[in-house]
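**Student:** Let's see this in three dimensions:
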Amino acid sequence: MSPAPVDRLGRRLLVLAPVGKDAALITATLDRDMVDCVGCDSLDRLLTELDRGAGAVLVAEEALAEGQNALAAWLTRQPVWSDLPLLILTRSGADSATASHALHTLGNVTLLERPVRIGALVSAVRSALRARTRQYRTRADIEEREEADQRKNQFLAMLAHELRNPLAPIVNSLSLLRLTGSSQSTSSAFEIIHRQVEQMVRLVDDLMDVSRITSGKIELRKDIVDLADVLAAAIETSGPLVQASTQTLDVDVVAGEYLLDADAVRLAQVFSNLLNNAAKYSNPGGRITVSARRTRSHVTVVVSDTGVGIPKESLTRVFDMFTQVNARDRRSQSGLGIGLTLVRSLVEMHGGEVTATSPGTGQGSQFIVRLPLKEPGAARRSSTMSDTRAPWQLQRILVVDDNVDSADTLGALLRMLGADTRVVYDGKTALAAIEQFTPGIVMLDLGMPGMDGYEVARHLRADPARSDLVLIALTGWGQASDRRRTAAAGFNHHLVKPVSVDAMESLLRSLRQPPASSSSNEPEVALQSPLADRQA
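**Tutor:** As a prediction, the model looks like this:
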């Protein structure tokens, strides 16, 4: 089997010894030891060979007298992983000024005094080449992990995009249900589904960049929220797990008592994770309690259970990534051990802290979350969407999307909002429909087979008669680079699927007036979906 390129580079010894027969003797000696020697007749040749890669350099000090600065300059340009070994053959006797200067300025230097024993030379060269081979392998590992990270990010971005496509008709259908439903039961069901879809969309957004989770770089969308509402949403998510385990859940939190400046969805995720953890590690028939109390300017929320407990020595690491405290418990095998890491990260982003306590194994546990309270009298927005809508001017809109469910539900929603709407499912049909239907607005999906949304936009922008046509990109891609690309293709707006009805109606209302001229090449993004859109 032929050696890997890394191993070949690690055995490559560059020799610069222009005095007498040194170079020939060294090469003959080391060739017998399976070292790939490359003789260099000048410093310029040595630097050229260094650019191709080398395991080490063997150089006579006479060759450094005039070229030491050039070699030093090359060595300073080494990448972080590289520390090229330099073996210098010195004159016998006291160190010369050249050798002393090289020792202090050239980095990884070994001095070999002449006449040098063959065994000592071979040993020094072998040691240098082994060390260099490890450096090359480190470089290969680093490059493989960057490459792996890039593939991971590409996969997650594609996965998020593909998940957003089915979410779009779901959100559109929910909006239709809200606009047509009237009974109390329908309204309640809508609110439950809406909150759960909202959380699902937020989790899909997290797939775009997992490092935001581990490094605490998740974007918070803060508002004045009631702790009781946050806990209610968390209980709604975790309730089925608690019920399936025939456990009792007691909640002692007064509504309206604790107002927070917080991201309600993220805090619900915190308490849902804590409830899931409590249910997971409690036996059937156990009890879970959630309580809150005020401590000056903070609220302390305690989630306690009667479960398996936490050993004293594990209390300090329960929030560490991939930690499974009860490794022998079969229930520890059902998760990745990241839930409590997310809890700590999100709580700290809200200016709070979280700790865990337990009397010991088999005696239950408590997770204590401490959060800053908002000043009394703070204004608060309703967590539900308003049904009060002022009439607005009829607009003619063409919807173009190869996802039939997404296109049809969006078309139905726009008609209910008062727009004269037509729906088509591919780019070529869209161009023909524009000639016949003459819409003022075209909502274009980007990733259509055949003629995609970008090509449709370019065709339309090339026609001076269509200069006033408003183009809105509908897509599962929401990175800054995606927005720049749609702007370059001639889109006026960029919406990320799934788009809420409020964001959609707000944008359409704004289009009643002629768009203001702007020198910016970026499409407008202020009216993105509060469920789906997130800046990269």
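**Student:** quick check: mean pLDDT across the top helix by length along the chain?
**Tutor:** The longest helix of the chain (DSSP state H) is helix 118-180. For helix 118-180, the mean pLDDT works out to 77.
**Student:** For the remainder of this discussion, apply numbering that starts at 35.
**Tutor:** Okay, using 35 as the starting number, the last item reads as helix 152-214.
**Student:** And that helix, what does it pack against?
**Tutor:** Here helix 152-214 touches helix 39-44, helix 56-65, strand 90-94, strand 120-124, strand 143-147, helix 218-240, helix 438-450, helix 535-544, going by 3 or more C-beta pairs under 8 Å, 6 or more residues apart in numbering; DSSP states H and E. C-betas here are computed from N, CA, C, even on glycine.
**Student:** Centre of the chain to that helix, how far?
**Tutor:** Distance, stretch centre to chain centre, for helix 152-214: 11 Å (C-alpha atoms, centre = their mean, to the nearest Å).
**Student:** just stretch 525-545 next, same as before
**Tutor:** 25 Å.
**Student:** and the helices and strands packed on helix 152-214, which one is worst for confidence?
**Tutor:** If you rank the helices and strands packed on helix 152-214 by mean pLDDT, helix 218-240 sits at the bottom with a mean of 63.
**Student:** Looking at the record's assignment, how would you partition this protein?
**Tutor:** Domain assignment for the chain by automatic domain parsing gives 39-150, 182-243+425-570, 247-406.
**Student:** If you count neighbours, what's buried in stretch 466-477?
**Tutor:** By 16 or more other C-beta atoms under 10 Å, the buried positions in stretch 466-477 come out as 467, 468, 471, 473, 475, 476, 477.
**Student:** Run through who's touching that stretch.
**Tutor:** 429-435, 444, 456, 458, 464, 490, 494, 500, 502-506, 508, 542, 545 (C-beta atoms under 8 Å, 6 or more residues apart in numbering).
**Student:** now do 6 Å
**Tutor:** For stretch 466-477, contacts defined as C-beta atoms under 6 Å, 6 or more residues apart in numbering pick out 429, 430, 431, 432, 433, 456, 458, 504, 505, 506, 508.
**Student:** State the number of residues packed around residue 214.
**Tutor:** By other C-beta atoms under 10 Å, the residues close to residue 214 number 9.
**Student:** State the distance from it to residue 449.
**Tutor:** 12 Å (C-beta to C-beta, to the nearest Å).
**Student:** so which of the domains of the chain gets nearest residue 171?
**Tutor:** Closest of these to residue 171 is domain 39-150, at 5.6 Å (criterion: C-beta to C-beta).
**Student:** Okay, buried residues for stretch 503-520 please.
**Tutor:** Those would be 503-512, 516-517, 519-520, for stretch 503-520 by 16+ other C-beta under 10 Å.
**Student:** Stretch 146-164 now?
**Tutor:** By 16+ other C-beta under 10 Å, the buried positions in stretch 146-164 come out as 146, 150, 155, 156, 158, 159, 160, 162, 163.
**Student:** and if you look at stretch 285-301?
**Tutor:** 287, 292, 293, 294, 295, 296, 297, 298, 299, 300, 301.
**Student:** tell me how far it is from the chain's mean position?
**Tutor:** Relative to its parent chain, stretch 285-301 has a centroid offset of 28 Å by C-alpha atoms, centre = their mean.
**Student:** Please apply the same query to stretch 256-265.
**Tutor:** Distance, centroid of stretch 256-265 to centroid of chain: 26 Å (C-alpha atoms, centre = their mean).
**Student:** which SSE is residue 318 in?
**Tutor:** Secondary structure from DSSP states H and E places residue 318 outside every helix and strand.
**Student:** Provide the secondary structure category for the closest residue to it other than its chain neighbours.
**Tutor:** Spatial nearest neighbour of residue 318, chain neighbours left out: residue 280 (4.8 Å); criterion: C-beta to C-beta, 6 or more residues apart in numbering. Classification of residue 280 using DSSP: H, G, I helix; E, B strand; the rest coil returns coil.
**Student:** Give the burial count for residue 280, as a bare number.
**Tutor:** 10.
**Student:** I'd like to know which elements the one helix or strand residue 333 maps to is packed against.
**Tutor:** Per DSSP H and E: residue 333 is located in strand 332-339. Strand 332-339 sits against helix 298-314, strand 321-329, strand 399-406, with contacts defined as 3 or more C-beta pairs under 6 Å, 6 or more residues apart in numbering; DSSP states H and E.
**Student:** mind saving the C-alpha coords of the shortest one as PDB?
**Tutor:** So the one you mean is strand 399-406. Extracted C-alpha coordinates of strand 399-406, given in PDB (Å, rounded to 0.1, in the frame of the first residue of the first chain):
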ATOM      1  CA  SER A 399     -34.400  16.700  43.100                       C
ATOM      2  CA  GLN A 400     -35.000  20.400  42.700                       C
ATOM      3  CA  PHE A 401     -34.100  22.700  39.900                       C
ATOM      4  CA  ILE A 402     -34.200  26.400  40.900                       C
ATOM      5  CA  VAL A 403     -34.500  29.100  38.300                       C
ATOM      6  CA  ARG A 404     -34.000  32.700  39.400                       C
ATOM      7  CA  LEU A 405     -35.100  35.400  36.900                       C
ATOM      8  CA  PRO A 406     -35.200  39.300  37.100                       C
END
